[in-house]
Structures are given as C-alpha cells and as structure tokens.
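> Here you go, sequence then predicted model.
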Amino acid sequence: MIKVQTLNNISPIGLEKLPREGYEVASEVTNPDAILVRSAKMHDMEIGDNLKAVGRAGAGVNNIPL
C-alpha cells in the first residue's frame with residue numbers, strides 16, 4: 001500500500017489518476033511515501049526517511065525543503 005498525504009485540497013480530477021487499489025490518499029497519513037502539495041509550507045514538517053516523492057501542483061519550490 002502506497003501512502004499519499006495531501007497537504008492542500010487537490011482536485012478530484014487529479015486524484016482520480018491514482019489507482020484506487022494500492023494507494024491510501026488522505027490529509028492525515030502517518031509516514032507517507034509521497035506528499036501532494038499546492039501552497040502549504042513544508043519547512044516545519046517532520047519528514048520521514050521513507051518519503052520517496054513530493055508532487056507540487058504549482059510553480060516553484062520555495063515552500064518545499066529541498
């Protein structure tokens with residue numbers, strides 16, 4: 001099961017691209033494998049070692065700790 005955390009409201013049209021089977025997508029996820037973000041600031045977040053991807057819906061990465 002791949003756990004995906006959403007930090008902002010993500011369009012249902014975009015979320016439908018993820019297969020329902022094999023993915024857990026929610027705003028409250030413990031130790032996510034991936035994060036979907038629009039404008040939320042992630043600099044104060046604790047990011048686990050298992051995070052594999054951050055998907056940004058927008059331009060720039062100033063809100064993502066690289």
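It's in.

> per-residue confidence for the residue of the chain most remote from its centre?
Here the centre of the chain is the reference, and by CA atoms, centre = their mean the most remote residue is Glu21, at 17.4 Å. With respect to pLDDT, Glu21 has a value of 94.

> Helix or strand with the lowest mean pLDDT in the chain?
Per-element confidence for the chain was summarised using mean pLDDT, DSSP states H and E. The lowest value among helices and strands belongs to helix 12-15, with a mean of 90.

> would you put the C-alpha positions of it in PDB?
The C-alpha atoms that make up helix 12-15 are tabulated as PDB, following Å, rounded to 0.1, in the frame of the first residue of the first chain:
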ATOM      1  CA  PRO A  12     -10.600  15.200  -7.500                       C
ATOM      2  CA  ILE A  13      -9.800  15.000 -11.200                       C
ATOM      3  CA  GLY A  14      -6.100  14.800 -10.300                       C
ATOM      4  CA  LEU A  15      -6.600  12.300  -7.500                       C
END
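
> What's the first helix or strand after it?
strand 23-26 (DSSP states H and E).

> and Ile35, which of the three is it?
Of the three states, Ile35 takes strand under DSSP: H, G, I helix; E, B strand; the rest coil.

> list the contacts for it?
The neighbourhood of Ile35, defined by CB atoms under 8 Å, 6 or more residues apart in numbering, consists of 4-7, 42, 51, 53-55. In short, each C-beta sits where N, CA and C put it, glycine included.

> Any idea what the spatially most central residue of the chain is bridged to?
With the centre of the chain defined as its mean C-alpha position, the nearest residue by CA atoms, centre = their mean is Ile35, 1.6 Å away. In this structure, Ile35 has beta-bridge partners Gln5, Val54, where bridges are defined by DSSP bridges.

> Return the distance of it relative to Ala53.
With distances defined as CB to CB, to the nearest Å, the gap from Ile35 to Ala53 amounts to 8 Å.

> same question, Glu16
Taking CB to CB, one finds Glu16 at 18 Å from Ala53.

> if we can go back for a sec, any chance of a PyMOL selection covering the buried ones in the contacts of Ile35?
Applying 16 or more other CB atoms under 10 Å to the contacts of Ile35, the buried members can be selected in PyMOL as follows:
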select buried, resi 4+5+6+7+42+54
